[in-house]
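J.: Sequence first, then the predicted structure:
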Amino acid sequence: MKFFVDTAEIDAIAELNELGIVDGVTTNPSLIAKSGRDILEVTREICDLVDGPVSAEVVALTADEMIAEGRKLAKIADNIAVKVPLTWDGLKACNVLTNEGNMVNVTLCFSANQALLAAKVGATFISPFIGRLDDLNLDGMELIADIREVYDNYGFETQILAASIRSANHMSDCAKIGADVATAPPEVIKKMAGHVLTDKGLAAFMEDAKKANIKIV
Ligand code: G3P
């Protein structure tokens, strides 16, 4: 499973990127607003830092305007994936931008039917939002499983990019179900390394090392 980082914070991306675990980055208007940066400027910086796809989202609502914005975003760098919402106009924009040779990420997906349409219009990525479904007492992970089944039934190449990930468990559950990509905030990715028994075991090892005066360098 590929790891994308869901943030527009350059320092956080750089820290994870140094570890070699960043396969791409996703942003959205809320994350750009949170960064306080100009969208074109910060997206260019992210594209310089990371080799994989960097999703940059349009803010228009009509297909024609989304296409114009998408073309401008795509000019930032070769690794831009233009992000469009899963609306009828977004599907039209996806179709045009894909046919022009761009990577397109169709976002705000909440049903298998929406994911099926995105695949039919040639989306590179479909972004189902797990956390926002869980917030409503629905089952976000079930949606990932449903889309996996539908795509595998017909060999669709659209990659399932699990989004709105809120916990480390979401990451392993996505990997078990077979999401192609999971995008998560940096703090969630870091939490994947934690385990209370690791902390406890390490504390005991350190105590014994101190008692035995073990020195290595
Ligand atoms: O990639 C989409 C993601 O940023 C949405 O996450 O936590 O706002 O639902 P959240």
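T.: Nice, thanks for sending it over. Residues are numbered from 1 along each chain as shown.
J.: bridging residues for the spatially most central residue of the chain?
T.: Closest to where the C-alpha atoms of the chain average out (CA atoms, centre = their mean) is residue 183, at 2.7 Å. Residue 183 has these beta-bridge partners by DSSP bridges: residue 4.
J.: That one against residue 162, yeah?
T.: Yes. Between residue 183 and residue 162 a contact is recorded at 7.1 Å, counting by CB atoms under 8 Å. Backbone N, C-alpha and C define where each C-beta goes, glycine included.
J.: Find residues that contact each of the two.
T.: Common neighbours of residue 183 and residue 162 are listed as residue 127 (criterion: CB atoms under 8 Å, 6 or more residues apart in numbering).
J.: Around the ligand, pick out the residues from this protein.
T.: Residues of the chain lying near the ligand by CB under 6 Å from any ligand atom: 6, 26, 28, 129, 131-132, 163-164, 166, 183.
J.: Mind checking which of those are in strands?
T.: 6, 26, 183 (DSSP state E).
J.: Might you list the low-confidence residue ranges for this structure?
T.: Of all residues in the chain, none has pLDDT under 70.
J.: which residues in it form strands?
T.: 2-6, 24-26, 54-57, 80-85, 103-109, 125-128, 159-162, 181-184.
J.: Take those strands and write them to TSV, including distance to residue 209.
T.: What follows is the strands of the chain, written out as TSV (distance: least, CB to CB, whole Å):
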stretch	distance to residue 209
strand 2-6	33
strand 24-26	39
strand 54-57	43
strand 80-85	47
strand 103-109	48
strand 125-128	46
strand 159-162	40
strand 181-184	34
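J.: And the residue lying closest to residue 35 once chain neighbours are set aside, its phi and psi?
T.: Distance criterion CB to CB, 6 or more residues apart in numbering; nearest residue to residue 35, sequence neighbours excluded, is residue 8 at 4.0 Å. Main-chain torsions, residue 8, degrees, to the nearest 10: phi -120, psi 20.
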